[in-house]
Structure formats: C-alpha cells, structure tokens
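>>> how would this look folded up:
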Amino acid sequence: MKPGKPYYDLIDFFKEHFDCKMQKVPVNAGFSCPNRDGTKGRGGCTYCNNRMFSPSYCHQQNTISRQINDGITFFSEKYPEMRFLAYFQTYTNTYGNTGSLMAMYREALTHPLVDGLIISTRPDCVDDNLLKQLSVLARERFVMIEYGVESTLDRTLKAINRGHTFATSQDTIRRTADSGIYVGAHMILGLPGENRDDLLAHADKLSELPLTTIKLHHLQIIKDTVMACQYAEKPGDFRFFTVEEYTLLCVEFAEHLRPDIVIERFVSQSPKNYLIAPDWGIKNNEFTVRVLRMFKTLGSWQGKHYKAPTLPPSEK
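Here you go, the predicted structure:
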C-alpha cells in the first residue's frame, strides 16, 4: 500500500510487476463445472449464471488465440500501448486433464502482447500435479489463480450449494502460494444468513492466508439462477445493502484486512439484462470514488484493525 493511499489497489500492484498499463483479456475455453455436471452436484451454485461473464467478443467456439486477438483489438482501440493478461474466466478453468489444460494456457501465452495468465477456478479443482506444472510456468511468466471462496462459513457454503468447505479453500490457497503462484480470492458480501460480524470475520480469516489479491462484490440476484427462484418464493430471506451501507461495509472490511493484500475491486455490477436486485444504478468506478471518500471521512485505511498473529517465542 503506497503512502497517501487508503488501500492497496490493483493499479499499484500491476505497476510493481509491469512497466506498462495492463488489461485482462477474458477467454472462454469451454470448460464445465463439477457442480453442474454431476461430479460434485447438479444445478451449480445458487447465485451463479456464468453467461453474464463473457464479453461480446468472447465466443467459446473460437480458438483461444482468436479470442485473445479479438479481445486485444477491442481494448487496443482505447489504449494502443497496453499489454495483456489472458484471463480464463468462465466456469471452472482447471477442470480437465493437466496436459490439455497446460496446452490451453501455453497457447494463450504465445501471443506477443500477452505477458501472463489469470486462471479463475474452484478450490476443489486444483491438484498438486497441475500446481507443479504451473509453478514451472510461473518462473518465466506472471501466473495467478483466482479461487471462488465466497464465504468462510461452512453453513453458508452449504446453503448456496458450493460443494466444498472453507477448509478446502484454506488448503488450496496455501498449496498454491507454496508453489510460487500468485493467489486471488473472490468473496460475496451479504449472502443470506450472514450478519455484519460474520462479514468482518471473513476479512480476519482471509488475512491469515497467503493471498495476493481479493475481489469483493455485494449479493445480487441474477436471472436464471436457483437464487432467483428462492428470492421469488421467499423475498424476506434476503436483505440487500443500500449503496451507503455497502460503502461503509467495504471500508470496515478493508480495516480488518491484512494491508499487503491487493483489493482488486469492491463491487461488480451485473449487466442490466441479468440483474433482478438490487439495482443501484451507478457505475463501478463511481462506487470506488464513494469508498475513497468514506476512507477519507473516517480517517481510515486498510489494515487499521488488522492484528498480526503472535508467534511463539521459539519462532521469533
């Protein structure tokens, strides 16, 4: 976290690792999910509709190289001197044979403007063999794996049909970091049954893990999901944040978070054609301005309430 900034953001993180502006290029490699095909479960996580993740230029019927070319063309019109990270985003991007997975990743890295990979996946779908292969790759190129953690409470993970426990996330995050690979976590704040104390405890628990980055967003009800049906049947089971409430929560969450964890985002607004509730009607960058203003108003900063673990005398 740089002096004068209230939190460690992705811009500063990229500046520390690259000498130019970086942009993620989403790739849809046609993966499935073990929580949909019957391996772990059926129907997927209750909140999930992966169709909203893919940009208009990102079609799985095209090769990875073609998708990257199309994505670079899309972004380069605005930032001609930008370089890129191939972002394997849709569904579970480590769900397959290690040899086939590595071939896809390496294909993405053949593009002369691509400097690394970001791989989005589940913590129960990364084995030691794949980590070993990615560890070798990470010695040469930038490699990060983002895990959908969503909550640190097993009761919540069960309720949203996540198909794994928080202990699984803890173990996989540690194994990934031990392999020399950058690690990200994705969290949803405001899932049914979780209160303010639960949400701040998420930050405390995540701070104990060797995370590089974290992505946050508030609970949203998306069309064509199990949660949308649950919301229609029992709307009283759901409580949505107002913009003001969530702004304050983001600052409080950051106060409990270890200061060297990059907060990649506080919010992610779903496309209007998929969103049921809540509809705030503000852009992501506008919300970030609100968070910065709240930090300033409160005279606060990331890690203000973070308590580093006390080592036994023998380990000091």
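
>>> where does the residue most central in space within the chain land in three-state SS?
Nearest to the mean C-alpha position of the chain, by Cα atoms, centre = their mean, lies residue 186 at 3.5 Å. Here residue 186 is strand, with the state taken from DSSP: H, G, I helix; E, B strand; the rest coil.

>>> gap between residue 278 and residue 270?
Distance of residue 278 to residue 270, given as Cβ to Cβ, to the nearest Å: 10 Å. Using the backbone N, CA and C atoms, a C-beta is placed for each residue, glycine as well.

>>> Spit out the residues that contact the two alike.
Residues touching both residue 278 and residue 270 (Cβ atoms under 8 Å, 6 or more residues apart in numbering): residue 220.

>>> where's residue 116, which helix or strand?
Using DSSP states H and E, residue 116 sits within strand 114-121.

>>> now the next helix or strand after that strand against strand 114-121, angle please.
Per DSSP H and E, the first helix or strand lying C-terminal to strand 114-121 is helix 128-138. The directions of helix 128-138 and strand 114-121 differ by 160 degrees, with axes from the mean of the first three to the mean of the last three Cα atoms, to 10 degrees as the criterion.

>>> Please work out the average pLDDT along helix 128-138.
Averaging pLDDT along helix 128-138 yields 97.

>>> helices or strands up against that helix?
Under the contact definition 3 or more Cβ pairs under 8 Å, 6 or more residues apart in numbering; DSSP states H and E, helix 128-138 sits against helix 98-109, strand 142-150, helix 166-178.

>>> what angle sits between the shortest one and helix 166-178?
It stands for strand 142-150. Interaxial angle, strand 142-150 versus helix 166-178 (the same axes, to 10 degrees): 170 degrees.

>>> For strand 142-150, C-alpha coordinates in PDB please.
Output of strand 142-150 as PDB, limited to C-alpha atoms (Å, rounded to 0.1, in the frame of the first residue of the first chain):
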ATOM      1  CA  PHE A 142       3.100 -13.900 -14.500                       C
ATOM      2  CA  VAL A 143       0.600 -16.600 -13.200                       C
ATOM      3  CA  MET A 144      -2.200 -16.100 -10.800                       C
ATOM      4  CA  ILE A 145      -5.000 -18.400  -9.800                       C
ATOM      5  CA  GLU A 146      -8.300 -16.900  -8.500                       C
ATOM      6  CA  TYR A 147     -10.400 -19.100  -6.300                       C
ATOM      7  CA  GLY A 148     -14.100 -18.700  -5.600                       C
ATOM      8  CA  VAL A 149     -14.100 -18.800  -1.800                       C
ATOM      9  CA  GLU A 150     -17.400 -16.700  -1.500                       C
END
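
>>> Mind jotting down where the strands sit in this structure?
Per DSSP state E, the chain carries strands over the ranges 22-27, 83-88, 114-121, 142-150, 182-189, 213-218, 221-222, 262-265, 275-277.

>>> buried ones in the first one?
For strand 22-27, a neighbour-count test (16 or more other Cβ atoms under 10 Å) marks 22, 23, 25, 26, 27 as buried.

>>> Residues in contact with it: which ones?
Contacts for strand 22-27 (Cβ under 8 Å, 6+ apart): 14, 53-55, 58, 64, 67-68, 71-72, 75, 79, 82-90, 108, 114-115, 118.

>>> Of these, keep whichever come out buried.
When the contacts of strand 22-27 are checked for burial by 16+ other Cβ under 10 Å, the buried set is 14, 53-54, 58, 64, 67-68, 71-72, 75, 83-90, 108, 114-115, 118.
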